[in-house]
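Asks: Got a predicted model here, sequence first, then my questions.
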Amino acid sequence: MFWLVIAILIVIGLAFLVLEILVIPGTGIAGFIGFILLAIGIWQAYAVYGPTAGHLTVGGSIVLTLVTLIFSLRAKTWRRIMLDSKIDSKVNLVDADLIKVGDTGKSISRLVPAGKALFNGVFFEVRTTGEFLDPDTDIEVEKIEANKIFVKPKI
């Protein structure tokens, strides 16, 4: 039964070492805990079962560590668990059919200098050229460039 405790200590220690190397590098805490658990497991094997079992435990731990690191560092292992979706959308594209230079609307939020406005029944993210405008101010589209809508107060 005690050999199971030794095996669990070694496996958990190895897991902490892999966490230190691959997931949370630089902190040192997980690696320190992993090293201590491995050392306790090996020490217990020497203390309880003698030098032959201790030597076998050290050898087995080294082999298990190498196999685990090789398996963890393979590219195919990470491809199975990594996120592989591509973002093909764009932010704040201005549809020329919905808004044009000269259209009038109302500011919905305070424009300081950016905010929301309503043009032709559609909400847009707009900017002023520097002045602050209060909500419910009549505004006019001054220019559209680089997917940004610039507005000015309607006179």
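Replies: Everything's here; your move.
Asks: Next, the closest residue in space to Val5 that isn't next to it in sequence: secondary structure please.
Replies: Spatial nearest neighbour of Val5, chain neighbours left out: Gln44 (7.3 Å); criterion: CB to CB, 6 or more residues apart in numbering. For every residue, glycine as well, the C-beta is placed using N, CA and C. Of the three states, Gln44 takes helix under DSSP: H, G, I helix; E, B strand; the rest coil.
Asks: what's near enough to touch Gln44?
Replies: The contact partners of Gln44, by CB atoms under 8 Å, 6 or more residues apart in numbering, come to Phe2, Val5, Ile6, Leu9.
Asks: and the second one, what element?
Replies: Translated: Val5. Assigning secondary structure by DSSP states H and E places Val5 in helix 2-18.
Asks: so whichever strand or helix holds Val48 versus helix 2-18, what angle?
Replies: Per DSSP H and E, Val48 falls inside helix 29-49. Going by axes from the mean of the first three to the mean of the last three CA atoms, to 10 degrees, helix 29-49 is angled at 160 degrees with respect to helix 2-18.
Asks: what mean pLDDT would you report for helix 29-49?
Replies: Across helix 29-49, pLDDT averages out at 90.
Asks: What are the buried residues along it?
Replies: Ala30, Gly31, Ile33, Gly34, Leu37, Leu38, Gly41, Ile42, Gln44, Ala45 (16 or more other CB atoms under 10 Å).
Asks: can you dump the C-alpha coordinates of it into CSV?
Replies: Only the C-alpha atoms of helix 29-49 are listed here, as CSV (Å, rounded to 0.1, in the frame of the first residue of the first chain):
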residue,chain,number,x,y,z
ILE,A,29,6.5,28.0,-6.7
ALA,A,30,5.0,25.1,-8.7
GLY,A,31,8.4,23.9,-9.7
PHE,A,32,9.6,24.0,-6.1
ILE,A,33,6.6,22.1,-4.9
GLY,A,34,7.0,19.6,-7.7
PHE,A,35,10.7,19.1,-6.9
ILE,A,36,10.0,18.6,-3.2
LEU,A,37,7.2,16.1,-3.9
LEU,A,38,9.5,14.1,-6.2
ALA,A,39,12.3,14.2,-3.6
ILE,A,40,10.0,13.0,-0.8
GLY,A,41,8.7,10.1,-3.0
ILE,A,42,12.2,9.0,-3.9
TRP,A,43,13.4,9.4,-0.3
GLN,A,44,10.5,7.3,1.0
ALA,A,45,11.3,4.6,-1.5
TYR,A,46,14.9,4.5,-0.2
ALA,A,47,13.7,4.6,3.5
VAL,A,48,10.9,2.0,3.3
TYR,A,49,12.1,-0.4,0.6
